[in-house]
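Engineer: Predicted model and sequence below, questions to follow.
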Amino acid sequence: MANYDRERERAVIVGVIFPHQTRAQVEEYLDELELLADTAGADVVCRVYQERDKPDPAFFIGRGKAEQIAKIVEEEKIDLVIFDDDLSGVQIRNLENIINCKIIDRTTLILDIFASHARTAPAKIQVELAQLEYLLPRLTGKWRHLSKQYGGIGTKGPGETQLETDRRLIKRKIAILRRKLGEIDNQRKVQRKGRRDIFRVTLVGYTNAGKSTLLNVMANTNVYVEDKLFATLDATTRVIKFSPTKKVLLTDTVGFIRKLPHHLIASFKSTLDEIIEADILIHVVDISAPNFREQIKVVEETLEELNSLDKPTIIAFNKIDKLQDRSIIHTLAKEYENAVFISASRGVNIQALKDKILQLIDDHYVEITGKVNVSNPEAMSVIYKLGEVLDVKYDDDNYITLKIKVEKRHLPKISAYILT
């Protein structure tokens, strides 16, 4: 959410058009950067573009363009300039020698938003670790934009004291945070181990695609939702009952975004493990977004990085109520095998999504028939806990014949008690 507890800042955003990009693409990228700035608490006053073959080593943009931005900053009383690409410490220092305000890049802005939205201790640790790891290679003798002479966006978390902190202290802090995250990761593994007998479905998608709203609708719960980027950071899990004998764990995860910082992905590993260990993924897509195909690609690239791209996946095209032209639904239905078209906010086609989940779950089941000794209470307990008994026939000699529907992964456990 935007930071209303402080005065909103005035910002200039900068995009560079390289040969492999079109101006229209970069304009879309700056649209997203403006949304990020708004989420962080800044109003974008002006956009600046420059076409370049490659970044300038000293300024990223040309010196002349930097001087042009300096004039805009002075005339419009700008508080900060935000670049859509990562800057080195040297580039920031050189730019600040010309432009008299804070200079931050896209990654710093995203980390700032994460710092604002972190509510739990694990989330705060993960964000601080990502901030420090991003800062470490960018330390310079004059790291002015993180000094105490500036406040506001890009200066939260560890940034405010970096003038007094050297590399050795930062590395020590990083080691401490990694150790704490390791402890949290072990705790979560123990928690997940206790849930292994339940089918796990995880929501993934681009930030602000509507994952938390969908979780609320399906679980009839009240997870925090806001129409802002990265409103959700911590994984939230709820039990969804499809029938008295069939239930799943549905988990909402942090949204992805273009150029999601790699340090952030690494730091949020314990949270993203919910994706890695899921049985089914629901990829939530904002079908009303003009660039939703690129957003799909970004999510798929991130899933590939997590080695989770080959998991059974339902693609839930959300926000169909916002579509002006619905003819695209027919096209996408042919293009994507497991596609469902929904409106989470209005509860449209949610049952169709549940049916699709059940269909994929059924693909994971087999039916077996065999004899069980009724005098073995452990056998009956395991069978009824891990399987669904479809039919019972009473035989002689303390045996019954059971027809059981069981998940393939639980088959070895149940088979140990059955005589076929």
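Structural biologist: Sure, I can see it.
Engineer: who touches stretch 59-69?
Structural biologist: Among residues not part of stretch 59-69, those counted as contacts by CB atoms under 8 Å, 6 or more residues apart in numbering are 12, 14, 16, 48, 50, 52, 55-56, 81, 83, 85, 87, 91, 94-95, 98-99. Every C-beta, even on glycine, is put in place using the N, C-alpha and C of the backbone.
Engineer: And those residues, which of them are buried?
Structural biologist: The neighbour-count test (16 or more other CB atoms under 10 Å) marks 12, 14, 16, 48, 50, 55-56, 81, 83, 85, 87, 91, 94-95, 99 as buried among these.
Engineer: from the contacts of stretch 59-69, which ones fall inside strands?
Structural biologist: Among these, the residues falling in strands (DSSP state E) are 12, 14, 16, 48, 50, 81, 83.
Engineer: still on that earlier bit, what is the nearest of the buried ones among the contacts of stretch 59-69 to I265?
Structural biologist: Compare each of these with I265 using CB to CB and the shortest gap goes to D85, at 18.1 Å.
Engineer: where's that closest one relative to D105, distance?
Structural biologist: When CB to CB, to the nearest Å is applied, the distance between D85 and D105 equals 7 Å.
Engineer: buried sites along stretch 359-373?
Structural biologist: In terms of neighbour count (16+ other CB under 10 Å), stretch 359-373 has its buried residues at 360-361, 365, 370-372.
Engineer: what about K246, distance to E274?
Structural biologist: As defined by CB to CB, K246 lies at a distance of 21 Å from E274.
Engineer: So those two - more neighbours on which side?
Structural biologist: Here K246 and E274 are compared on neighbour count by other CB atoms under 10 Å; more neighbours surround E274, at 22 against 14.
Engineer: average pLDDT for the helix or strand hosting the more buried one?
Structural biologist: If you go by DSSP states H and E, E274 is part of helix 269-276. What helix 269-276 shows for mean pLDDT is 75.
Engineer: Is A40 in contact with D112, as I believe?
Structural biologist: Yes - in this structure A40 lies within contact range of D112 using CB atoms under 8 Å: 5.4 Å.
Engineer: Comparing those two, which residue is more hemmed in?
Structural biologist: Per other CB under 10 Å, whichever of A40 and D112 has more neighbours is A40, with 30 against 27.
Engineer: Just give the nearest non-adjacent residue to L80, would you?
Structural biologist: Leaving aside its chain neighbours, L80 sits nearest to K102 (4.0 Å; criterion: CB to CB, 6 or more residues apart in numbering).
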